[in-house]
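*Asks:* predicted coordinates and the sequence they were generated for:
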Amino acid sequence: MAHYIAIIEDAGPDHAVGVWFPNLPGCTSGGDDIDEALRNAPEALELYAESFEADGKPMPRPRTLTELKSDPDTADDIKTYMVALVELRARAHAAE
């Protein structure tokens, strides 16, 4: 199973909590609180993977936290926000 690093942005009690994957542009999720946002993150990851699969493209390989810390585009976000490891669950394909 692949695991992707997620960034969790908590803007406070009056705002939704955002989740995004620096390795996967456009893959986002959220929730009313951190727990809900983290529960929703695997589904966002699965839907993102399904769109890649439908286009016949492989998913980008997961980068490690060390790699993301070394990337100037994500280093500040890693320092500023919480991070989580989210599993891309295997999907069962329906028989055709």
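*Replies:* It's in. Numbers count the residues shown, from 1 in each chain.
*Asks:* what about residue 29, how many residues nearby?
*Replies:* 24 (other Cβ atoms under 10 Å). (Each C-beta comes from the backbone N, C-alpha and C, glycine too.)
*Asks:* which SSE is it in?
*Replies:* Using DSSP states H and E, residue 29 maps to strand 28-31.
*Asks:* direction included, what does that strand pair against?
*Replies:* strand 17-20 (antiparallel) (DSSP bridges).
*Asks:* hang on, the earlier thing: give me the contacts around the strand holding residue 29.
*Replies:* For strand 28-31, the surrounding residues in contact (Cβ atoms under 8 Å, 6 or more residues apart in numbering) are 16-21, 37-41, 43-44.
*Asks:* starting at the chain centroid, how far to that strand?
*Replies:* 9 Å (Cα atoms, centre = their mean, to the nearest Å).
*Asks:* tell me who's in contact with the closest residue to residue 26 other than its chain neighbours.
*Replies:* Spatial nearest neighbour of residue 26, excluding adjacent residues (Cβ to Cβ, 6 or more residues apart in numbering): residue 48 at 7.4 Å. If a contact means Cβ under 8 Å, 6+ apart, then residue 48 has 21, 24, 26-27, 59 as its contacts.
*Asks:* can you classify the spatially closest residue to residue 64 that is not a sequence neighbour as helix, strand or coil?
*Replies:* Spatial nearest neighbour of residue 64, chain neighbours left out: residue 5 (7.8 Å); criterion: Cβ to Cβ, 6+ apart. Residue 5 carries the three-state label strand when classified by DSSP: H, G, I helix; E, B strand; the rest coil.
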